[in-house]
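S.K.: Need coordinates for the following:
(one chain, ligands or ions: 1)
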Amino acid sequence: MVRTKKLRIPPKHIYSEINATSADVWNTCLVLMDFYQYQRGYPHAHNRFYFGKDCPQWMQKKLAKRFPLHSHSVLAVMKRYFAAWRSYSTHKRNGNTDARPPHKRKSFMTTRWNYTAIRFDKTLLGNSLSLAMGRGRKRLDILLPTSFDMSCADQIATVDLVHEYGEWTLHFTYRFDDERPDVSGDGVLAVDIGEIHPMVTHDGEETLIFNGRYIRSLYQLRNKVNAQFQHLISRTTRFSRRYRKLVQRKWKTLNRLDRQIADCLHKATAKLRDVCVRRGIATVVIGDLKGIRKRMNYGKKANQKLHQWAFSRIAWLLDYKLKAVGIKVVSQDEAYTSQSCPACCHRYKPRHRNYHCKECGFTFHRDGVGAINIRKKYLGQVVPVAAAMIPPRGIRQTPRLTQCVSQTR
Ligand SMILES: [Zn+2]
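M.R.: As a prediction, the model looks like this:
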């Protein structure tokens, strides 16, 4: 199992120099490939690889000891180059005529350090990350914040130096052994990922509604801030001093909001994972999200709101968080699950907060019905559910603490 963690670091001039060197390696790969093809005389209109099997080895020898980088960092760029070739070849085989082999020269490129090049040092100021820059060269030392978790430092597989949206970040990749703790129960819990509430769950007895008001407010603020900055930017000359300053400020604000949104989603999904563990859930059924974007077309403004509702992101977060504790995750087609009556299968589209069946009188919170039906569909139950259901419990995130607070409706 692989996990990635990001860490923002204060900018330094040397970082761009290092990433420029990585780009140099890439550009050299381009030149070397031309040379290789010229030398071997391989035909250009060929559906398979243009180069022989010995090409990576040959290129590795040519690249060695040419750049002020650790040899494994150079190798990482070369691997990326050949991966681009492979993806080009797959695209071409699949009939994509627009596909081109890697050809663009780069100015900057993410640098990767393998675990062989990583060391942690204890300094007077705290722990520092020491990255090797090749034999005989000074190592790159980056001071880590005190909050950095050192307990699984020996599981770090790679460190990437990434420049994204005007900020420098380190991406740590951890490799864990697949430890599957025993799941004590055999319960089935269904999750309905929806427009109004990010998650509504049902496990046969209890219905939980995760309130999405706080996340929605963050998304609304993000849209607003984005629009305001975009308006200001549109009045400036492109690439002028003011333009650059505004763009920088825009990304700084948007990045902060994105981190808040990510934090919020992480906390909500982690809360659900804890609920599953506590209640002995072995299988989690997630409503299939494939049709969600097609089905929704409620006008421009509503679409923006709904599309951003990180549906796939929630599903993805749930997927890896649940699998990490040994819970099976399956997806289930959710057609008509929000319209059918769980008790008598009569279909109607609810207009209000509550679902009220005219045929049998079944009444329940509208969003809970979707989750109940997804669970029923997965279990293949045609038989009605219990007539007297426990009313749903709401889980709300407060803006200040962003902690999940339970509340009964
Ligand atoms: Zn009914």
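S.K.: going forward, measure contacts and count neighbours with C-alpha atoms only.
M.R.: Noted.
S.K.: right, and the helix or strand after the longest helix seen in the chain?
M.R.: Across the chain, the longest stretch assigned as helix under DSSP state H is helix 241-278. Remark: after helix 241-278, the chain's next helix or strand is strand 281-287, criterion DSSP states H and E.
S.K.: Does the residue most central in space within the chain lie in a helix or a strand, and which?
M.R.: A centroid search over the chain (CA atoms, centre = their mean) returns Arg313, at 6.3 Å, as the residue closest to the centre. Assigned by DSSP H and E, Arg313 belongs to helix 311-324.
S.K.: pLDDT on that helix, on average?
M.R.: Across helix 311-324, the average pLDDT comes to 88.
S.K.: Go through it and flag the buried ones.
M.R.: 311, 314-315, 318-319, 321-324 (16 or more other CA atoms under 10 Å).
S.K.: CA atoms of stretch 151-161 as CSV?
M.R.: Only the C-alpha atoms of stretch 151-161 are listed here, as CSV (Å, rounded to 0.1, in the frame of the first residue of the first chain):
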residue,chain,number,x,y,z
SER,A,151,7.6,7.5,13.4
CYS,A,152,7.3,6.0,9.9
ALA,A,153,10.3,7.9,8.3
ASP,A,154,12.0,4.6,7.5
GLN,A,155,9.0,3.6,5.2
ILE,A,156,9.6,6.6,2.9
ALA,A,157,10.1,5.3,-0.6
THR,A,158,10.6,8.5,-2.5
VAL,A,159,10.7,12.3,-2.0
ASP,A,160,9.6,14.6,-4.8
LEU,A,161,10.5,18.3,-5.0
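S.K.: in it, what counts as buried?
M.R.: Of the residues in stretch 151-161, those buried (16+ other CA under 10 Å) are 156-161.
S.K.: same deal with stretch 339-348?
M.R.: 339-345, 347.
S.K.: for stretch 191-205, same thing?
M.R.: Buried, per 16+ other CA under 10 Å, within stretch 191-205: 191-195, 197-204.
S.K.: The ion next: which of the residues you listed are close?
M.R.: Here nothing survives when the buried residues of stretch 191-205 are matched to the ion using CA under 5 Å from the ion.
S.K.: Return the item of those residues having minimum pLDDT.
M.R.: Least confident entry in those, by pLDDT: Glu195, with 71.
S.K.: Show the model's pLDDT score for Ala388.
M.R.: 59.
S.K.: List, out of the buried residues of stretch 339-348, those positioned next to the ion.
M.R.: 341, 343-344.
S.K.: so how far is Ala310 from the residue of the stretch 1-150 of the chain at minimum distance from the ion?
M.R.: Residue of the stretch 1-150 of the chain nearest the ion, by CA to the ion: Met1 (44.6 Å). Computed as CA to CA, to the nearest Å, the Met1 to Ala310 distance reads 24 Å.
S.K.: Comparing these two, which shows the higher neighbour count?
M.R.: Ala310 (18 against 11; other CA atoms under 10 Å).
S.K.: name the element Lys6 belongs to?
M.R.: Per DSSP H and E: strand 2-9 holds Lys6.
S.K.: buried sites along the next helix or strand after that strand?
M.R.: Downstream of strand 2-9, the first helix or strand assigned by DSSP H and E is helix 13-40. Within helix 13-40, the residues scored as buried using 16+ other CA under 10 Å are 15-16, 18-30, 32-33, 36-37.
S.K.: Same question for stretch 235-252.
M.R.: 243, 246-247, 250-251.
S.K.: How far does it sit from its chain's centre?
M.R.: Chain-centre distance of stretch 235-252: 28 Å, with CA atoms, centre = their mean, to the nearest Å.
S.K.: For that stretch, which outside residues touch it?
M.R.: Residues from elsewhere that reach stretch 235-252 (CA atoms under 8 Å, 6 or more residues apart in numbering): 165-166, 225-226, 229, 232-233.
S.K.: could you redo the last one with a cut-off of 6 Å?
M.R.: In this structure, residues lying in contact with stretch 235-252 by CA atoms under 6 Å, 6 or more residues apart in numbering are Ile233.
S.K.: now swap in stretch 145-162 and tell me
M.R.: 110-115, 168-175.
S.K.: gap between it and the chain center?
M.R.: Mean-position distance between stretch 145-162 and its chain equals 19 Å (CA atoms, centre = their mean).
S.K.: Put together TSV for the buried residues of stretch 339-348, with pLDDT and secondary structure on each row.
M.R.: Formatted as TSV, the buried residues of stretch 339-348 follow (pLDDT from 0 to 100; DSSP: H, G, I helix; E, B strand; the rest coil):
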residue	pLDDT	secondary structure
Gln339	82	coil
Ser340	84	strand
Cys341	84	coil
Pro342	82	coil
Ala343	81	coil
Cys344	81	coil
Cys345	79	coil
Arg347	83	strand
